[in-house]
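> Only the shape, not the letters, is given here:
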């Protein structure tokens, strides 16, 4: 599907940014040690797999310059290089521009790559709500960050990820999606306690395999 048919839900192209693994998730170093790059990739893999299993997601575009992260293509993601190589938001805009050019009838979302407990049904719930708004976002569990930023077809894609991103998206006029039932969509992992919380929800198999090696 590349467009919205009458009576059918809006479908989505999701852009997932994957940082060069050697530099990813530095705050998890105390927990993961030498397994930190593997943990970052495992979380991205579980995020991508869950997203692709969501009924309203047509495709996932992984934006990365890490050769190892290209294994995400084996899960069904379209993997593209990080252009122009200037950080997170430019990478997201690059992926979104690719999606808009090839699949103009789909909504476009930016999805965090560190959602190892993500449930397809919860992402489905969030995206179906996002379809009602030109711009919207889902805050993380702390309420300060963002795990999903979404725009309807034809809307300008203006991600504001980074410090206080929830505040930045809200100030730019994006609608905050705070409906219940999105626990796994809001549970990103930046620090050891976040991985514990995600594990309590139930992480995907890639993350579970690496976490088992952490002791």
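Perfect, thanks for sending it. Bear in mind the structure is a predicted one, so any value in this text is a computation, not a measurement.
> for the protein, what helix or strand is lowest in average pLDDT?
Least confident helix or strand of the chain, by mean pLDDT, DSSP states H and E, is helix 29-32 with a mean of 90.
> got the end-to-end distance for stretch 130-148?
Terminal residues of stretch 130-148 are spaced 10 Å apart (Cα to Cα, to the nearest Å).
> ugh, typo on my part, it should be stretch 120-140
First-to-last distance for stretch 120-140 - Cα to Cα - comes to 17 Å.
> Count the neighbours of residue 186 for me.
Residues lying near residue 186 (other Cβ atoms under 10 Å) number 24. Where you see a C-beta, it was placed from the backbone N, CA and C, and this is true even at glycine.
> Quick check: pLDDT value at it.
pLDDT recorded at residue 186 is 98.
> From residue 201, how far off is it?
From residue 186 across to residue 201, the span is 10 Å (Cβ to Cβ, to the nearest Å).
> now do residue 178
Taking Cβ to Cβ as the criterion, residue 178 is separated from residue 201 by 18 Å.
> which stretches of this protein form helices?
In the chain, the helices defined using DSSP state H lie at 29-32, 36-52, 88-102, 120-130, 165-171, 183-186, 192-201, 205-211.
> Deepest in the core, which of those helices is it.
Highest mean neighbour count among the helices of the chain (mean count of other Cβ atoms under 10 Å): helix 36-52, with a mean of 25.
> which helices and strands sit right next to that helix?
When contacts are defined as 3 or more Cβ pairs under 8 Å, 6 or more residues apart in numbering; DSSP states H and E, helix 36-52 sits against strand 12-18, helix 29-32, strand 57-64, helix 120-130, helix 205-211.
> before we move on, the earlier item: mind listing residues that contact the least confident helix or strand of the chain?
25, 36, 38, 39, 192, 195, 210, 214 (Cβ atoms under 8 Å, 6 or more residues apart in numbering).
> Out of the residues you listed, which one has the lowest pLDDT?
residue 214 (89).
> Now do the contacts for that one.
Taking Cβ under 8 Å, 6+ apart, one finds 31, 32, 33, 35, 39 in contact with residue 214.
> Among the residues you listed, which pair sits farthest apart?
Using Cβ to Cβ, the pair of those lying farthest apart is 33 and 39, separated by 9.7 Å.
> Isn't residue 213 up against residue 36?
No. Counting by Cβ atoms under 8 Å, residue 213 does not reach residue 36; the two are 11.5 Å apart.
> got the contact list for stretch 59-70?
For stretch 59-70, the external contacting residues (Cβ under 8 Å, 6+ apart) are 13-22, 37, 41, 44, 48, 51-52, 72-73, 76-82, 85, 91-92, 94-95, 98-99, 103, 106, 111, 113.
> how does it look with 7 Å?
Outside stretch 59-70, the residues that touch it by Cβ atoms under 7 Å, 6 or more residues apart in numbering are 13-18, 20-21, 41, 44, 48, 51-52, 72, 77-82, 85, 91, 94-95, 98-99.
> ok, now stretch 153-167?
So stretch 153-167 is contacted by 88-89, 92-93, 96, 104-108, 110, 134-135, 137, 139, 143-146, 149, 151, 168-169, 172 (Cβ under 7 Å, 6+ apart).
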